[in-house]
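Enquirer: Below: sequence and its predicted model.
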Amino acid sequence: MKNETPIQGHYDTSSVFVAVIGRPNVGKSSLTNLLVGEKVAIVTSKPQTTRTRITGVITRGTLQYVLLDTPGVHKPHNKLGRRMDKTASDSIADVDVSMMLFEPYGALNESEMVLVEALKKGGPAIAVINKTDLVKDPADLEARKAELKALGVFDDVYTVSVRDNDHCEELFDALSRYAVEGPHYFDDDAYTDMPEKELVAEVIREKALLYMRDEIPHGIAVVVERFKERPGTDLVDIDVNIYCERESHKGMVIGKGGAMLKKIASAARTDCEEFLGCRVNLQCWVKVKADWRDNEFMLNNFGFKQQPNR
């Protein structure tokens, strides 16, 4: 029980920092967006959609939840991959609780076991089995829960369906048990710490991932070069460079007669207008930077800086 006597530096507010971790495509970004109530993380069915740590913020009364949506852990093939894995494992050390997502079926893979090992040294954790809408027999779910409990690292195991928004609300109660008394680190009306420019870049990358063939979009980086409000209007001019690794990819991103680029830009503009709350004039250019995913300078330049610990 907390000391009832007011002490110096006593707060009537608290916060809980949560690392959202798990294998690629298990639903981390979809769950983050659902809990935040806003789209802060891009979502596609392709692995490695999330490349950096994305922060979602939810303030409910005196308690502020800060969700760190991390890249799915996988076997890294280049420096970008290694940074993504490091971001995921570093996040465990930074938080009050880790929330690890699992599928209802299939053997736990090597990368999941690496995270489980990290959790043994990394403070409290809960397990969340997502995609309960795919469960064929309730006994299957019970077997998965027993398997996760037997790992010995999770305080509790929860079951949800992000797609159906089923039992997701219960996670707020589950996470509130790990809250720490102290100030709110973000404004109470904030829902992310990502600058608007970064959100725009992420949305454009999401559309490229959605509309293009598997092998190209991972070699894409999006950099917002200009973000300027026109005085006296509700219009923002945004200029964007889309970088690919090969000349042949550039042609694919632009498409026949510019059709693919138009499709990506048009869909991205609609999303941008929604979250910026104004009209957007979006101009996109496609450029080639060979092997940028293995170039430390370019990784930093394109916004994949190593995350400082909190």
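Expert: That came in fine, so what should we check first? Numbers count the residues shown, from 1 in each chain.
Enquirer: which residues of the stretch 1-150 of the chain score low on pLDDT?
Expert: Scanning the stretch 1-150 of the chain with the threshold set as pLDDT under 70 gives 1-9, 39-54, 71-93.
Enquirer: Please identify the helix or strand for Lys263.
Expert: Assigned by DSSP states H and E, Lys263 falls within helix 259-276.
Enquirer: What helices and strands are in contact with that helix?
Expert: Other helices and strands packing on helix 259-276, by 3 or more Cβ pairs under 8 Å, 6 or more residues apart in numbering; DSSP states H and E, are helix 196-211, strand 235-244, helix 247-254, strand 279-288. For glycine as for every other residue, the C-beta is placed from the backbone atoms N, C-alpha and C.
Enquirer: if you compare the ones you listed, which one is most tucked away?
Expert: Among the helices and strands packed on helix 259-276, helix 196-211 has the highest mean neighbour count (mean count of other Cβ atoms under 10 Å), at a mean of 21.
Enquirer: what's the angle from that one to strand 279-288?
Expert: Helix 196-211 and strand 279-288 are oriented at 70 degrees to each other (axes from the mean of the first three to the mean of the last three Cα atoms, to 10 degrees).
Enquirer: next structured bit after helix 196-211?
Expert: As assigned by DSSP H and E, the chain's next helix or strand after helix 196-211 is strand 221-229.
Enquirer: Now do that following strand: distance to the chain's middle.
Expert: 20 Å (Cα atoms, centre = their mean, to the nearest Å).
Enquirer: That strand: partners in the sheet, and parallel or antiparallel?
Expert: Strand 221-229 has its sheet partners listed here by DSSP bridges as strand 235-244 (antiparallel).
Enquirer: Residues in contact with the helix holding Lys263: which ones?
Expert: 38-39, 196, 199-200, 203-204, 206-208, 210-212, 236, 238, 242, 252-255, 279-280, 282, 284, 286 (Cβ atoms under 8 Å, 6 or more residues apart in numbering).
Enquirer: Buried residues in it, which are they?
Expert: Residues 260-261, 263-265, 267-269, 271-272, 275-276 are the ones in helix 259-276 that count as buried (16 or more other Cβ atoms under 10 Å).
Enquirer: so where do the strands sit in the stretch 51-200 of the chain?
Expert: Using DSSP state E, counting those that start in this stretch, the strands found in the stretch 51-200 of the chain span residues 54-60, 63-69, 97-102, 125-129, 157-159, 180-181.
Enquirer: Which neighbours in the sheet does the fifth one have, and how are they oriented?
Expert: Applying DSSP bridges, strand 157-159 is found paired with strand 125-129 (parallel).
Enquirer: Touching the strand it pairs with from outside, list them.
Expert: Contacts for strand 125-129 (Cβ under 8 Å, 6+ apart): 31, 97-104, 119, 141, 144-145, 148, 153-160, 171, 174-175.
Enquirer: which one of the helices and strands packed on helix 259-276 lies closest to Leu134?
Expert: Relative to Leu134, the nearest member of those by Cβ to Cβ is helix 196-211, separated by 21.8 Å.
Enquirer: chain center to the closest one, what's the gap?
Expert: Using Cα atoms, centre = their mean, the offset of helix 196-211 from its chain centre is 13 Å.
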